[in-house]
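In: with the sequence up front, the predicted model follows.
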Amino acid sequence: MVNSVRDAFERARKKLLEGAGNAAKADSPASVPDVSVAATTTTDSASSGQRLTQSQKTLQREQARQRVTVTYGRTQPFVDRRGREKPKVSVALPVKKPVMTPPARVPQQTRPAPATPPPPSPPVRVVVSPGAVCALERHDSRTVRLLPHVEIAGRKTQAYAGKTADEREVVLGLDFGTSCVKVVVGDSALGKAFAVPFCKADGIQQFLLPSRLCQTGEVFSLQAGTHVYRDLKLSLLANPDDPVLQRRVVAFLALIIRRARGWLLTEQAATYKRTAIAWKLAVGLPTAQHHQTPLSKLFDRLGGVAWAVASASGEVTESVIKSFLGAAPVLDETADGVEVTVVPEIAAQIYGFVASNSFDKQAPNIYLMADVGSGTVDSSLFRVKPGRGGRWDFEFFTSVVEPNGVSNLHRHRVDWWTEVLDKAKAPRSLVEDLTASKMITDRQLSTPESFSEYFEGVEAKFRESVKSPDQEFFNLRVLAQVQGKTLWRTWKDNLLDQTSLCNIPFFMCGGGVRMGYYQQLEPRLASMPSYTWLKAECWVMGVPDDLVAEGVAEAEYDRLSVAYGLSRLELGKVVKALPQPKLAITPVTNWKDNYVDKDQC
């Protein structure tokens, strides 16, 4: 059965192939391939079908089907076994896609470069008018007229000429400031303290001698010379081992001592003509430097040498100073047994208050003080306690000395103005007039209240949020020192608790407090951001009743307060406070310690 079906299939296919081949030849004999060859080949293969394997037969059938399915020219319709025509199956040939011609390349337009943003406006813009001038008020050094004849009389140490009736201690308090020196001679037995005048002037100015030394050859003078030296104190503090600076300080102190002794022995000759004076020299030193033993010993030594040089005959010369500096045994004999003490200036500053009726011995007596001088600001927070034998003990919690005084404020302004004027291409004469005053540290320069007052016809305009040189100096230096490093640091280092630092009495003194600029400290210390409890309340020192200073107003007393305190203060112990011990909690080693035994109830 199977063979008969196969034979019938083969005969039908052969017949179909022959018909398709004949039709193709009739239509296009030249262009259509000869299908008869294929048919003959198929016939031969059919006759030998039994000799082929099954896979070979399958391959032949597939090849034949492929040859019949795709033809050239007309094609006979497909029929099934019963002769019915099969539906035509259209074979979709792949359509060749048209080649798209790329559009012509249009050159890309060059984008304009982004606009450069305008440069930021400068922090400070200076406008200089045609008639601009420097407005600083300076005085010539020759305007200082010293009192005559007292320097020669000061070479002596005593006023008596014959026998003496008594002997008393007299203290020469010498306030060696950066800009000027002040001297007060105190006699505790007499109950008076004399402010020593140096100049022919009125009011407080007669007691203020510029800290300026002149030299001609080997001779030193306070009035004139070929060489003029300023910054005597600050230079020595910065270079204490420099022998040249040491000799200049000795020369200046010796000339001051001569004038102070000469004035006392001349003006108060009737008081001391029968009295043997036991001299004592008290020299002030900034608090922070006082705690440094080498500096304190240096000023002690230089004070003794200056006293000896002042007592020598003749002029104050460099060779005389060298001889005394190198001969300590001779110094003891020539110095007439003078006792030299070095005292913290702030301790002397507050003596007028602690010795007054306003001082309560039972109170905590913790004070904050800022001494605003020409070169430095000396700020301290300390406690005052009565000591033995009428002396006063001082315990310092913090003490800071920094170059934030009036002269350094002036130098800061000069540097700022010089920079902005150079950038603004201002006339060179303005800068030259300004820089000529930069190194003046004595009182011959009148420092303006504001940087804006340094010129007439020059205006500085600041960009928003830019600080002026005055704001920078005050916030970053002055306020940071007094409020931060002095007051806040006391609490930070656990030297005093929060309760003790609320409403601390605050004293401002020194020549710098005449400026409203430094008086900003009072409202700023009334509160501190994030530490509202940390406050300082400004107090005012009164004028002591025993001070003799004719023509000095009460508001000007603080210029003499250090010298007065040096002449009257009996200094006891000066110590630095240690951090308070923290409360130690004993660890519990037995759980039963946390409970009360029932037998104890």
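Out: Here it is on my side, so go on. Numbers count the residues shown, from 1 in each chain.
In: OK, contacts around the residue nearest the centre of the chain?
Out: Nearest to the mean C-alpha position of the chain, by CA atoms, centre = their mean, lies residue 476 at 5.6 Å. By CB atoms under 8 Å, 6 or more residues apart in numbering, the contact list for residue 476 is empty. C-beta here means a position set from N, CA and C on the backbone, and glycine is covered the same way.
In: helix, strand, or coil at it?
Out: Under DSSP: H, G, I helix; E, B strand; the rest coil, residue 476 falls in the helix class.
In: ditto for the one 5 residues further on
Out: For residue 481, the assignment made with three-state DSSP gives helix.
In: that one contacts residue 405, doesn't it?
Out: No. With contacts counted by CB atoms under 8 Å, residue 481 stays clear of residue 405, the gap being 11.0 Å.
In: now stretch 239-250: average pLDDT?
Out: Confidence over stretch 239-250 (mean pLDDT, whole number) is 96.
In: looks to me like residue 115 is in a helix.
Out: No. With three-state DSSP as the criterion, residue 115 is assigned coil and is not in a helix.
In: look up how far residue 457 lies from it.
Out: 37 Å (CB to CB, to the nearest Å).
In: circling back to that earlier point, what sits in contact with each of residue 481 and residue 405?
Out: If you check residue 481 and residue 405 against CB under 8 Å, 6+ apart, the residues they both contact are residue 377.
In: quick one: least confident helix or strand in this protein?
Out: Every helix and strand in the chain was compared by mean pLDDT, DSSP states H and E; the lowest is helix 36-47, with a mean of 43.
In: show me which of residue 481 and residue 405 is the more surrounded one.
Out: Neighbours per residue (other CB atoms under 10 Å) separate residue 481 from residue 405, with residue 405 holding more: 27 against 20.
In: how far is the helix or strand encompassing residue 430 from where the chain is centred?
Out: Assigned by DSSP states H and E, residue 430 belongs to helix 428-435. Going by CA atoms, centre = their mean, to the nearest Å, the spacing between the C-alpha centre of helix 428-435 and its chain's C-alpha centre is 28 Å.
In: just stretch 354-364 next, same as before
Out: 37 Å.
In: end to end on that stretch, go ahead and measure it.
Out: Its first and final residues considered, stretch 354-364 spans 12 Å by CA to CA, to the nearest Å.
In: tell me which other helices or strands the helix or strand harbouring residue 401 touches.
Out: Secondary structure assignment for residue 401, by DSSP H and E: strand 392-402. Strand 392-402 is packed against helix 287-290, strand 339-344, helix 345-349, strand 377-386, helix 489-492, strand 571-576, with contacts defined by 3 or more CB pairs under 8 Å, 6 or more residues apart in numbering; DSSP states H and E.
In: quick check: angle from the longest one to strand 392-402?
Out: Same thing as strand 377-386. Calculated by axes from the mean of the first three to the mean of the last three CA atoms, to 10 degrees, strand 377-386 forms an angle of 170 degrees with strand 392-402.
In: so what strands line up beside strand 377-386?
Out: Strand pairing for strand 377-386, using DSSP bridges, gives strand 366-372 (antiparallel), strand 392-402 (antiparallel).
In: most neighbours per residue, which of those?
Out: strand 366-372 (a mean of 25; mean count of other CB atoms under 10 Å).
In: how far off centre is that strand?
Out: Counting by CA atoms, centre = their mean, strand 366-372 comes out at 22 Å from the chain centroid.
In: same check on stretch 559-568?
Out: Stretch 559-568 has its C-alpha centroid displaced from the chain centroid by 33 Å (CA atoms, centre = their mean).
In: output that stretch as PDB, nothing but the C-alphas.
Out: Output of stretch 559-568 as PDB, limited to C-alpha atoms (Å, rounded to 0.1, in the frame of the first residue of the first chain):
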ATOM      1  CA  ARG A 559      46.000 109.100  83.300                       C
ATOM      2  CA  LEU A 560      47.800 109.300  86.700                       C
ATOM      3  CA  SER A 561      46.200 106.300  88.300                       C
ATOM      4  CA  VAL A 562      49.000 103.800  87.600                       C
ATOM      5  CA  ALA A 563      51.700 106.200  88.800                       C
ATOM      6  CA  TYR A 564      49.600 107.000  91.900                       C
ATOM      7  CA  GLY A 565      49.100 103.300  92.700                       C
ATOM      8  CA  LEU A 566      52.800 102.600  92.200                       C
ATOM      9  CA  SER A 567      53.700 105.300  94.700                       C
ATOM     10  CA  ARG A 568      51.200 104.100  97.400                       C
END
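In: which residues are contacting that stretch?
Out: Applying CB under 8 Å, 6+ apart, the set of residues contacting stretch 559-568 is 171-175, 182-186, 188, 193, 195, 204, 207-208, 282-284, 343, 345, 347-352, 355, 371, 509-511, 541, 544, 546-547, 549, 552.
In: what about it, average pLDDT?
Out: 94.
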